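S.K.: Here's my sequence, what's the structure:
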Amino acid sequence: MRLVKKHLRGGKAGHAGTLDPFADGVLLVCTGRETRTITGLVDAEKEYQARLRLGMETDTLDISGTICARREWRLQEVAAVQEIADRFVGEIEQVPPVFSALHVDGQRSYKLARAGQLKSPEPRRVTVFSLKVARVSENSLDFTVVCSKGTYIRALARDLALALGTVGFLSRLTRTRIGPHTLQEAIEVTALPQMFNMNSLEHLYSCR
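M.R.: Numbers count the residues shown, from 1 in each chain. Purely as a prediction, here's the structure:
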């Protein structure tokens with residue numbers, strides 16, 4: 001967003017849904033009059049491809065964190081893992097990660113966590129429309145998930161690992177779609193300066 005606002009030189013800009021710092025993929029950026037569409041885009045369903053590292057957990061539930069737990073993982077067939085993953089399809093109650101931007105006691109949860117005050121955010125209802133396991137190995141599994149806004153894939157991965165009898169964290173996360181806007185349509189962030197040389201800035205961009 002800083003890059004977009006720099007080129008806009010004071011023009012209006014906004015995005016439809018943040019990405020975790022370690023993640024990549026689709027980020028919708030609206031400029032000019034298109035900023036009025038942000039609310040509808042934020043509400044759109046999201047699709048992600050993720051890799052869940054099994055047998056250990058980090059405090060942030062992703063690859064950027066510090067290992068805080070270990071538990072043996074015994075390799076299972078894809079079909080057996082998928083059967084357990086199916087339990088998470090539908091409307092579920094999810095406890096967000098403590099390292100998140102949600103407010104707890106009037107402060108950002110991640111700021112409290114960094115200060116050593118680990119207070120879990122309140123559970124929230126989210127919807128998982130589909131959860132498909134693509135691959136299972138000795139220490140990880142890959143899955144694709146389509147979900148509602150507000151769903152934390154790190155929390156989903158944590159809960160899936162626990163249901164499998166172990167612990168885990170996300171080692172990779174790519175957002176591949178927001179509503180109808182896909183990764184295939186996206187442009188690299190490095191291409192933005194060239195885009196801003198176009199005559200009209202009032203476009204909706206899908207950026208990586």
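
S.K.: partners of the helix or strand harbouring T127, with directions?
M.R.: For T127, the host element (DSSP states H and E) is strand 124-136. Here strand 124-136 has these sheet partners by DSSP bridges: strand 90-94 (antiparallel), strand 140-147 (antiparallel).

S.K.: Could I get the CA-only coordinates of the shortest one as CSV?
M.R.: Listed in CSV are the C-alpha atoms of strand 90-94, where the atom choice follows Å, rounded to 0.1, in the frame of the first residue of the first chain:
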residue,chain,number,x,y,z
GLY,A,90,-19.1,-25.7,7.3
GLU,A,91,-19.7,-23.1,10.0
ILE,A,92,-17.2,-23.6,12.7
GLU,A,93,-16.1,-21.8,15.9
GLN,A,94,-12.4,-20.7,15.7
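
S.K.: Sort out which residues of that strand are buried, please.
M.R.: 92, 94 (16 or more other Cβ atoms under 10 Å). Just so you know, the C-beta spots here come from the backbone N, C-alpha and C atoms, and that holds for glycine as well.

S.K.: Not counting it itself, show me its contacts.
M.R.: 123-128, 151-152, 155-156, 159 (Cβ atoms under 8 Å, 6 or more residues apart in numbering).

S.K.: Give the rounded mean pLDDT of that strand.
M.R.: Here strand 90-94 scores 97 as its mean pLDDT.
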